[in-house]
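**Student:** Take this sequence and fold it.
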Amino acid sequence: MAGIITPLMRRSLAGTWLALKRNRREFPVNLPDILSKRDLIWDALIGASAFTALILNLIGLLNGITVALPHLLYIPVVLAAYRYPKWGLFIAGCIGGTYFLMVILVAGSSFTTIIEALVRTFVVVGIGWLIAVLSFRLRERQDLYQGLFYHSEAGSILLKDTAEGRVIEEVNDKAAELLHRTAPDLTGAPLTLFWSSDFERELFSQLRREGAVHAMETVFPLPDGSSETVLVSAALLPEKRAIITFVEITRRVHAERALKAANDKLKLLSRISHDHLHSTIDQMVQTVKNADAHCSDTVARGFFNQMRALALHLSRQLFLTESYKNLGNSPPAWLGVQQILESGNSALTYGSVSVRFWTERLEIYADPLFNEVLIHLAENAISHGIKIKNLIVTYHETREGLDLILEDDGIGIPADKKQRIFEYDEGGHAGIGLFICREILGVTGMTIAETGTEGNGARFVIHVPPDGYRIEGTGDDAPVRSLLVNPATAGLRGARYPTGTLVRELSAAEFPVAEALWTDYHETKGDPRTDRIFAGFLHDAAVSVARCRKHPDGFEVDAVFTPSAHRGHGYAHAVMWGLVEACGHDTLSMHSVKNLTGFYNYFGFVTIMESELPPSIRQRYAWADGEMEGANVSPMKRSPLS
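**Tutor:** Numbers count the residues shown, from 1 in each chain. Predicted structure coming up:
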């Protein structure tokens with residue numbers, strides 16, 4: 001109720017308050033005796049105007065005047081319909097019928113006069129009906145807003161801006177109760193009776209700027225010297241009036257303060273505990289390291305290494321549980337997946353594991369702790385994966401949203417543990433990290449599952465709902481990110497092909513890099529809305545590019561090009577390797593130059609009939625009219641690996 005006043009209601013409220021001031025008899029208050037005679041005044045006015053109008057029309061009819069005088073009948077009809085809406089049509093009918101009867105009796109010999117009188121009678125009755133309907137609806141709305149004002153569980157006050165300042169015109173019982181005063185004491189009193197002048201100025205300054213105030217917190221002093229905290233809402237009304245509603249929240253504020261104090265103490269205790277635990281773990285790791293350095297027994301050193309690995313794992317679990325208490329404290333935000341993974345690259349690129357991220361333009365709407373989820377999943381695969389040589393992060397759009405995929409080529413996870421690894425009690429709490437990851441993802445509607453095959457590697461799939469991701473540069477709601485300085489040499493960005501070539505996906509702002517190479521390839525242009533472009537780099541210069549274009553009915557690989565000056569070094573192999581690894585979760589189609597089909601066979605493409613191509617991709621070579629031989633191209637397709 002504190003925010004019940006809307007702009008749509010203000011005009012009706014203004015009329016309600018004026019009627020309220022004129023017609024207090026509807027409410028249980030003491031009224032002057034003269035107001036009880038108001039109905040008699042209205043009745044007399046309606047009767048006198050009706051009698052006068054009918055007498056004047058009768059005199060006019062006797063003297064042959066039938067034009068102007070009938071308009072006088074509208075006066076009693078309007079007065080009666082306004083004052084007595086339920087009887088308005090009946091009274092209008094009586095007045096109109098009386099006039100029509102007079103015409104028949106006095107001037108009944110004229111057919112034209114009778115027709116005119118009949119039309120006027122219908123007009124009089126119609127006006128009476130219309131005024132009655134409008135008046136009845138006005139009374140209904142008046143009763144509605146009066147009911148809201150007087151029977152609301154929020155305090156309501158009607159103010160009037162006068163020469164002496166803002167004074168109270170009306171208050172409801174709840175306002176009087178909350179202010180610990182009576183309605184007569186408040187009526188006519190200045191607003192500063194229970195409100196500081198500074199807050200009054202602040203409130204009405206905002207009212208003048210915005211036209212309404214919603215849920216502003218303030219404090220009201222009470223007559224006994226105490227105070228109460230309230231949420232105030234207000235709106236301006238016509239005729240220098242304003243309405244203020246407020247609800248008392250003192251108990252809630254005290255409870256929030258007590259809860260915050262208790263939470264602060266718990267956080268302090270938790271931080272102290274975590275600090276001591278981390279310190280103890282560091283001492284354990286150092287002790288094991290010293291013991292290992294002074295031990296020549298191979299078996300014992302193996303146990304020392306296991307102890308050190310367990311201590312480091314415990315440290316990581318402590319960090320995750322410490323982060324979990326902040327879950328939901330910060331609002332979700334758009335987070336760049338590639339930037340998150342690259343920020344943890346120092347922890348992920350050790351040993352002989354090749355780590356490759358193909359998420360350059362992907363952004364996900366998630367809790368800020370989503371960063372920890374990705375780093376933990378990648379680190380968990382590297383540190384606990386057995387026989388793992390490659391860790392690849394890609395994504396795949398589906399009808400239900402998007403799947404973010406982290407997969408490795410280790411021994412995988414047994415089928416009977418795929419669900420249990422996300423539970424809190426798995427392995428004597430060993431699975432607490434994945435449990436927390438699942439909870440963090442759930443804040444913004446994401447889910448996680450392990451879908452790998454035992455013996456072929458683990459595969460974690462994070463499913464993102466349709467409104468939870470965007471591809472940078474694809475529209476106004478996914479703006480182009482700023483161009484990095486020397487992006488090709490920014491640390492270890494990109495993936496290394498076995499020959500040493502650095503390969504990575506280009507951001508939308510870097511598409512001109514590819515277009516510069518395509519100058520000699522039909523002057524091809526890229527479109528961030530549909531294209532993913534992959535480039536191979538020699539030092540800080542792009543030397544080869546390839547494109548995967550999204551069509552309404554499929555994905556097409558084209559524009560694979562290396563300038564003649566850089567051919568013969570395997571750069572085209574490198575960019576195709578990157579493209580297929582990044583986009584290979586979808587079926588890829590293409591038109592290959594005939595002498596390059598063997599090249600594309602290496603990446604899993606097979607020759608197909610032209611009719612097997614998706615229609616929108618087949619349309620590109622419609623000019624060949626099915627004669628692929630004459631166009632020197634061969635349709636090819638690559639299906640996703642199972």
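
**Student:** How far does stretch 514-521 stretch from one end to the other?
**Tutor:** End-to-end distance for stretch 514-521, by Cα to Cα, to the nearest Å: 11 Å.

**Student:** Check which residues of that stretch are buried.
**Tutor:** Applying a neighbour-count criterion of 16 or more other Cβ atoms under 10 Å, the buried positions in stretch 514-521 are 514-515, 517-518, 521. Bear in mind the C-beta positions are built from the backbone N, C-alpha and C, glycine included.

**Student:** can you pull the contacts of L314?
**Tutor:** Listed by Cβ atoms under 8 Å, 6 or more residues apart in numbering, the contact set of L314 reads I281.

**Student:** any idea how far F603 is from Y497?
**Tutor:** In this structure, Y497 and F603 are separated by 13 Å, where distance is defined by Cβ to Cβ, to the nearest Å.

**Student:** so what secondary structure elements neighbour the host helix or strand of L377?
**Tutor:** L377 is located in helix 370-384, with elements delineated by DSSP states H and E. For helix 370-384, the helices and strands in contact under the criterion 3 or more Cβ pairs under 8 Å, 6 or more residues apart in numbering; DSSP states H and E are helix 298-324, helix 337-343, helix 345-348, strand 390-398, strand 401-408, helix 432-442, strand 459-464.

**Student:** With I59 as the reference, name the closest of those.
**Tutor:** With respect to I59, and counting by Cβ to Cβ, the nearest of the helices and strands packed on helix 370-384 is strand 401-408 at 84.5 Å.

**Student:** who does the closest one pair up with?
**Tutor:** When pairs are called by DSSP bridges, strand 401-408 turns out to pair with strand 390-398 (antiparallel), strand 459-464 (antiparallel).

**Student:** buried residues in the longest one?
**Tutor:** It stands for strand 390-398. Residues of strand 390-398 classed as buried by neighbour count (16+ other Cβ under 10 Å): 390-395, 397.

**Student:** now the residues you listed in TSV, with distance to I115 and pLDDT?
**Tutor:** Supplementary listing: the buried residues of strand 390-398 in TSV, determined by distance: Cβ to Cβ, whole Å; pLDDT from 0 to 100:
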residue	distance to I115	pLDDT
N390	99	91
L391	96	92
I392	93	94
V393	89	96
T394	87	97
Y395	82	97
E397	76	95
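
**Student:** Mind telling me which of the helices and strands packed on helix 370-384 the model trusts least?
**Tutor:** In terms of average pLDDT, helix 345-348 trails the rest of those, at a mean of 56.

**Student:** just checking, next helix/strand downstream of it?
**Tutor:** strand 354-357.

**Student:** So which elements touch whichever helix or strand comes after that next one?
**Tutor:** Next in sequence after strand 354-357, counting helices and strands by DSSP H and E, comes strand 362-366. Strand 362-366 sits against strand 333-336, helix 337-343, strand 401-408, strand 469-471, with contacts defined as 3+ Cβ pairs under 8 Å, 6+ apart.

**Student:** May I see those arranged in CSV, with distance to L231 and mean neighbour count as well?
**Tutor:** Putting these into CSV (distance: least, Cβ to Cβ, whole Å; neighbours: other Cβ atoms under 10 Å) gives the following:
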stretch, distance to L231, mean neighbour count
strand 333-336, 29, 16
helix 337-343, 39, 19
strand 401-408, 39, 21
strand 469-471, 37, 19
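
**Student:** I'd like the ones you listed laid out as JSON lines, including distance to E164.
**Tutor:** Shown next, in JSON lines, are these (distance: least, Cβ to Cβ, whole Å):
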{"stretch": "strand 333-336", "distance to E164": "52"}
{"stretch": "helix 337-343", "distance to E164": "62"}
{"stretch": "strand 401-408", "distance to E164": "63"}
{"stretch": "strand 469-471", "distance to E164": "58"}
